[in-house]
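[1] prediction below, plus the sequence it came from.
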Amino acid sequence: MEAQKEKLMRILNVSEEEAEKIIADDKAIDRGEKLFELTDEQKKVAKKMSNFDSKNRKKPMVLDLKQPKNRKENATKGGIIAELVTFFSENSQFSVENLEILNKERQFTFKIGDETYEITLIQKRKPKK
């Protein structure tokens, strides 16, 4: 008992009387007494904070992989990719092999000798004013 009181006094930096009061309150709480009752408002807050409610939690993002995203086609980018592919296949001074369009408005790949190359077309967004 004395060791516990001294420990409380040292750790909590309280007087001897306060340490004895803490020990007595702990014993009373262990016996089931309600020493520190919360107000009704405090009980509501405590209940809200202690209960995990799925309504208060962010919902996980569910992707619908069945339907592709509807987006407008960009004819300019498609035309640029088509012209680049035509140039590489017909007019290039390099021996281009395995020319393949990966995305008709964005990307194509080809081989020159043992090396594989990939070209990606990126359209920059207009700056916001």
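    Looks like it arrived, so ask away. Numbers count the residues shown, from 1 in each chain.
[2] confirm residue 102 sits in a strand?
    Yes - checked against DSSP: H, G, I helix; E, B strand; the rest coil, residue 102 lies within a strand.
[3] doesn't residue 109 make contact with it?
    Yes - in terms of C-beta atoms under 8 Å, residue 102 counts as a neighbour of residue 109; the distance is 5.9 Å. Heads up, the C-betas are built off the backbone N, CA and C, glycines and all.
[4] can you pull the residues that touch both of the two?
    Listed as contacting both residue 102 and residue 109 by C-beta atoms under 8 Å, 6 or more residues apart in numbering are residue 118.
[5] so where do the helices sit in the protein?
    Secondary structure of the chain, counting by DSSP state H: helices at 2-12, 16-30, 40-50, 75-86.
[6] quick one: neighbours of the residue lying closest to residue 46 once chain neighbours are set aside, just the number.
    The shortest distance from residue 46 to any residue other than its chain neighbours is 6.3 Å, reached at residue 38 (C-beta to C-beta, 6 or more residues apart in numbering). By other C-beta atoms under 10 Å, the residues close to residue 38 number 12.
[7] measure residue 38 to residue 105 for me?
    Remark: distance between residue 38 and residue 105 (C-beta to C-beta, to the nearest Å) = 62 Å.
[8] gap between the lowest-mean-pLDDT helix or strand in the chain and the chain center?
    Sorting the helices and strands of the chain by mean pLDDT, DSSP states H and E puts helix 40-50 at the bottom, at a mean of 81. Centre-to-centre, helix 40-50 and its host chain are 29 Å apart (C-alpha atoms, centre = their mean, to the nearest Å).
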